[in-house]
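In: The amino acid sequence is not available; the structure is as follows:
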């Protein structure tokens, strides 16, 4: 049986989850959330200010009453917890941020986490959906990835960062080598036709 404090926490969590499900920030309810986020930029800025103020006073951001380890930014309790979490996740072979998804090629990041570091803005599960829609094959050569430890690459427009499709390493590298120039690719086709025999 839950205590009164547990009941209160449960209700607070329930309300937070309902606002998040509606796509609104639980703390600033008029602000829309970005896809995959659970708080808005105002929350992030406020948290950064609080953590920076604690760091300036030599206190831990996670445990405000505890001093940081000399030469580090966190207390020993935070360092130990982070290390243990990393070890547990690595042993399970799942994503550090999304425990319900497998880590890519033995890493602690799922494909979306890895790609979002480069500005792709993939939504959760988008890579798997694209992979299934393409039958696990490259969108250009219609062949599966030839390299055993390599997944199909996310191809995107370098100007708009808009994701286009999944390509094998060979096709993706070829597009990069010709700088995505339609004229160069057309000239290559004409060259091959001319020297076909």
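Out: That came through, no problem. Since the model is a prediction, treat every value here as computed from it, not as a measurement.

In: switch to C-alpha atoms for all contacts and neighbour counts from now on
Out: Will do.

In: Next secondary structure element downstream of the least confident helix or strand in the chain by mean pLDDT?
Out: Lowest mean confidence among the helices and strands of the chain (mean pLDDT, DSSP states H and E): helix 111-116, at a mean of 69. The helix or strand immediately downstream of helix 111-116 is helix 126-133, counting by DSSP states H and E.

In: buried ones in that following helix?
Out: For helix 126-133, the buried set under the neighbour-count rule, 16 or more other Cα atoms under 10 Å, comprises 127, 131.

In: Repeat that for stretch 181-197.
Out: Of the residues in stretch 181-197, none is buried under the neighbour-count criterion (16+ other Cα under 10 Å).

In: can you check stretch 50-58 too?
Out: By neighbour count, and taking 16+ other Cα under 10 Å as the criterion, the buried residues in stretch 50-58 are 51, 54, 55, 58.

In: could you pull out the helices for this structure?
Out: Listed in chain order, the helices found in the chain under DSSP state H are 4-21, 41-56, 76-92, 111-116, 126-133, 169-177, 182-194.

In: rank these by mean pLDDT and give me the bottom one.
Out: Set side by side, the helices of the chain give their lowest mean pLDDT on helix 111-116, at a mean of 69.

In: sorry, back to before: distance to residue 174 added to the buried residues of stretch 50-58, as CSV?
Out: Output for the buried residues of stretch 50-58, formatted as CSV (distance: Cα to Cα, whole Å):
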residue, distance to residue 174
51, 45
54, 50
55, 47
58, 51
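
In: ok, so of these, who is nearest residue 7?
Out: Sorting those by how near they are to residue 7, with Cα to Cα, puts residue 51 at the top with 29.0 Å.

In: surely that closest one meets residue 61?
Out: Yes: if you go by Cα atoms under 8 Å, residue 51 and residue 61 touch, sitting 4.8 Å apart.

In: and the nearest residue to residue 136 once chain neighbours are set aside, what pLDDT?
Out: Distances taken as Cα to Cα, 6 or more residues apart in numbering place residue 144 nearest to residue 136, at 6.1 Å, with adjacent residues excluded. With respect to pLDDT, residue 144 has a value of 84.
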